[in-house]
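1. Pasting the sequence and the predicted coordinates here, then a few questions.
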Amino acid sequence: MARYTGPKSKIARKFGEAIFGDDKSFEKKNYPPGQHGNARRRGKKSEYSVQLMEKQKAKYSYGILEKQFRNLFAKANRSLGVTGEVLLQLCESRLDNVVYRMGVSPTRSGARQLVSHRHITVNGELVNIPSYSLKPGDVVGVREKSKSVQSIQDSLSANSSVYEWITWNSEKMEGTFVTIPERIQIPENIKEQLIVELYSK
């Protein structure tokens, strides 16, 4: 399965945000990577560069490769809503993202691995496709045989995040994707309008 497997701290430093979660390396060096470190003077970025950086940040944040991301944009562009907002909603509706939001895994890459290793069910059926698009009302749960997996239990016990569009039943170890989130409810620091402008060129 194609996915980004390179150094994550370097990417986070490029964007100046810990987009992959808590990162001690990023905290020590929260400036762009490069031979001259923080001393290097960087000129003003072009409009295209700013738009491209925003698209790359969204891709890395959600763990989506270029072809998938472009397909999501095309789908968002065909929809009736605001393209940028719909794009983020499509990203949030992915199964791996919802598993991460529910706290079953502390990272999106970990959530993707749980899905592809057949630990997750949707409406009682095993689903091993991380990009599976959830619909409002879908019930996402941990497979019965996987409920004792230590990493899942550790992640759930450490999770304190609450999202209005998701409910979680800790006894059954399952949650409901109640509704597609509004833009204001999505916590990601992404300027989606810049992505729309980039793809619209």
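-> Structure's in. What do you need?

2. Next, please give the residue ranges for the helices of this structure.
-> 8-15, 24-28, 47-62, 66-78, 83-92, 95-101, 108-116, 150-158, 192-199 (DSSP state H).

3. so which of the ones you listed is the most packed in?
-> Mean neighbours per residue, mean count of other CB atoms under 10 Å, is largest over the helices of the chain for helix 95-101, with a mean of 25. In short, each C-beta sits where N, CA and C put it, glycine included.

4. pretty sure residue 102 contacts residue 170?
-> No: judged on CB atoms under 8 Å, residue 102 makes no contact with residue 170 at a distance of 10.2 Å.

5. what about residue 79, how many neighbours?
-> By other CB atoms under 10 Å, the residues close to residue 79 number 13.

6. okay, now the domains of this structure?
-> Per automatic domain parsing, the domain ranges recorded for the chain read 8-90+189-199, 95-179.

7. Mean pLDDT lowest where, among the ones you listed?
-> Across those, domain 8-90+189-199 has the smallest mean pLDDT, namely a mean of 81.

8. quick one on the thing from earlier: indicate which one of the helices of the chain is closest to residue 183.
-> Ranking the helices of the chain by proximity to residue 183 (CB to CB) places helix 83-92 first, at 4.6 Å.

9. Run through the neighbouring helices and strands of that closest one.
-> Secondary-structure packing of helix 83-92 (3 or more CB pairs under 8 Å, 6 or more residues apart in numbering; DSSP states H and E): helix 47-62, helix 66-78, helix 95-101, helix 192-199.

10. Using PDB, write out every CA atom in the first one.
-> This means helix 47-62. Extracted C-alpha coordinates of helix 47-62, given in PDB (Å, rounded to 0.1, in the frame of the first residue of the first chain):
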ATOM      1  CA  GLU A  47       1.600  33.000  -4.300                       C
ATOM      2  CA  TYR A  48       2.100  29.600  -5.900                       C
ATOM      3  CA  SER A  49       4.500  28.500  -3.200                       C
ATOM      4  CA  VAL A  50       2.100  29.500  -0.400                       C
ATOM      5  CA  GLN A  51      -0.700  27.600  -2.100                       C
ATOM      6  CA  LEU A  52       1.500  24.500  -2.800                       C
ATOM      7  CA  MET A  53       2.600  24.500   0.900                       C
ATOM      8  CA  GLU A  54      -1.000  24.500   2.100                       C
ATOM      9  CA  LYS A  55      -1.900  21.600  -0.200                       C
ATOM     10  CA  GLN A  56       1.200  19.600   1.000                       C
ATOM     11  CA  LYS A  57       0.300  20.300   4.600                       C
ATOM     12  CA  ALA A  58      -3.200  19.000   4.100                       C
ATOM     13  CA  LYS A  59      -1.900  15.900   2.300                       C
ATOM     14  CA  TYR A  60       0.600  15.100   5.000                       C
ATOM     15  CA  SER A  61      -1.800  15.900   7.800                       C
ATOM     16  CA  TYR A  62      -4.400  13.400   6.600                       C
END
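
11. This completes my enquiry, with thanks.
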